[in-house]
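**Student:** Generate a structure from the sequence data that follows.
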Amino acid sequence: MSFVIHGATGAQGAPLFDLMLARGLDARAALRDLEKAGGRPAISADAGSASSLEAAYRGSEGIFVHLPQVPEPLRIDYAKNIVTAIDRARPARVVFSTSGAIVDELSSPLQAADDSAVGILMNGLRESGVSHAVIAPRLYLENLMLPAVIEPAKASGLLQYPIRADLAVSWSSHHDIADVALRLLTDHTVSAIVGVGHLPGLTGPQLAAAFATHLGRAVTFETKPVADFQAELEPFIGPAASAIAAFYQALAERKDNVIAEHTSAQTLLGLTPRSVEDWLKA
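**Tutor:** Next up, the predicted model:
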C-alpha cells in the first residue's frame, strides 16, 4: 500500500515526499503529467477529475492533500472532486493542510467558510468517516524568501512584509509541515485539527533580529503595502494573488495570527517547529 502525495513537486509537498522516500516509505507523487516525475515514484491523478483521483486513491495507505494557489472557483471544483474520490476510494488515512486558512477559531472573520474550498474539503472529510487529520499552519517562513522580500534585506537591511510590525504570528516552514504530516499519516491516533507554528508568535522585529544574525548585518522590519505585495505576486500566481491580498488586508485587523496551544503540534504530537535561525541555516 502506498502513500499518495499531492504537490510532491511543489514547495509544500516536496519536503514531505523527500522525507517519506528517505524513510523507505512507498510514496507516490500525484501528477497529472507523469513526465514531470523525473523518474521518481508517481501515480496519475488529475484534481479536475474525480474518477482520476478515485483510481489513484483506491487501496492507498494515506493521502496528503493541499489545494493549489489558483482562483477560488477552481479550488472549489478541486475540493469537491477530492471529497468525492475519498468517499468512493476509502483510503486508510487522509491528511489535509489548509495552507494558512484559519480553521480553529469560530469567531474569526478569516475562518474558512463552509462554501469555501477549504471548508468544503474539511466538511467532506468529516462526513466521509475516513480517518483523517487537518494540519493548520498560519504563515510560511518560505514567504520571506520571495525575491522582493529577501533581496532588500540582503542589500539594505530592510525586511518588508505585508503585516503590522507588532502582529505576532505562528510562523512555520514547509519542513515543519512535512514532519507533522509524516507523523499524522503514519500514526492514526490523532484525528483533529493540528496547528503548526511558533508559540508564542513572532513579531516583525523578532524576525528581523533573526535575519540580522544570519546575514551578519543590521536588519529592520517594515510593513509593506498590501497592494505592492499583490503586484509582486501576480507574475508568479496570476489572479490568485488578489485572494492572498484580501487575506493580508483582513489580517491587518487581527490582534495576532497565532495557533491555539491546546491544538498545536507541540501539545498533540510533541513536535516543535524549527527556530527562524535554524531554518535560515538549512
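
**Student:** and stretch 4-11, how far out from the chain's middle?
**Tutor:** Offset of stretch 4-11 from its chain centre (CA atoms, centre = their mean, to the nearest Å): 11 Å.

**Student:** Can you mark which positions in stretch 213-225 are buried?
**Tutor:** 219-221, 224 (16 or more other CB atoms under 10 Å). Yep, even glycine has a C-beta here, placed from its N, CA and C like the rest.

**Student:** what do you get for stretch 57-67?
**Tutor:** By neighbour count on 16+ other CB under 10 Å, the buried set for stretch 57-67 is 57, 60-67.

**Student:** cool, stretch 28-39 as well?
**Tutor:** 28-31, 37.

**Student:** now stretch 76-84
**Tutor:** Across stretch 76-84, burial judged by 16+ other CB under 10 Å covers 76-79, 81-84.

**Student:** One more: stretch 227-241?
**Tutor:** Buried-residue list, stretch 227-241, by 16+ other CB under 10 Å: 229-230, 232-233, 240-241.

**Student:** Among these, name the ones in helices.
**Tutor:** Secondary structure defined by DSSP state H assigns 229-230, 232-233, 240-241 of the buried residues of stretch 227-241 to helices.

**Student:** A89: which of those is nearest?
**Tutor:** Nearest to A89, judged by CB to CB, of those is A240 at 28.0 Å.

**Student:** thinking again about what came up before, report the lowest-confidence entry in the buried residues of stretch 227-241.
**Tutor:** For those, the model is least confident at A240; its pLDDT is 85.

**Student:** my read: that one touches L67, true?
**Tutor:** No. Counting by CB atoms under 8 Å, L67 is not a contact partner of A240; they are 10.5 Å apart.

**Student:** Report the secondary structure state of L74.
**Tutor:** helix (DSSP: H, G, I helix; E, B strand; the rest coil).

**Student:** burial measure for it, as a count.
**Tutor:** A count of nearby residues for L74, using other CB atoms under 10 Å, gives 16.

**Student:** do R126 as well
**Tutor:** Around R126 there are 12 residues (other CB under 10 Å).

**Student:** Angles on the backbone of it, please.
**Tutor:** Note on R126: its backbone torsions stand at phi -60, psi -40 [degrees, to the nearest 10].

**Student:** And it, how close does it get to D166?
**Tutor:** Distance of R126 to D166, given as CB to CB, to the nearest Å: 36 Å.

**Student:** And the helix or strand A85 falls within, what does it pack against?
**Tutor:** A85 is located in helix 72-89, with elements delineated by DSSP states H and E. Here helix 72-89 touches helix 50-57, helix 117-128, going by 3 or more CB pairs under 8 Å, 6 or more residues apart in numbering; DSSP states H and E.

**Student:** Adding distance to V103 and pLDDT as columns, could you present the buried residues of stretch 76-84 in JSON lines?
**Tutor:** Listed next are the buried residues of stretch 76-84 as JSON lines, based on distance: CB to CB, whole Å; pLDDT from 0 to 100:
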{"residue": "I76", "distance to V103": "16", "pLDDT": "95"}
{"residue": "D77", "distance to V103": "20", "pLDDT": "97"}
{"residue": "Y78", "distance to V103": "17", "pLDDT": "98"}
{"residue": "A79", "distance to V103": "13", "pLDDT": "97"}
{"residue": "N81", "distance to V103": "20", "pLDDT": "98"}
{"residue": "I82", "distance to V103": "16", "pLDDT": "98"}
{"residue": "V83", "distance to V103": "16", "pLDDT": "98"}
{"residue": "T84", "distance to V103": "21", "pLDDT": "98"}
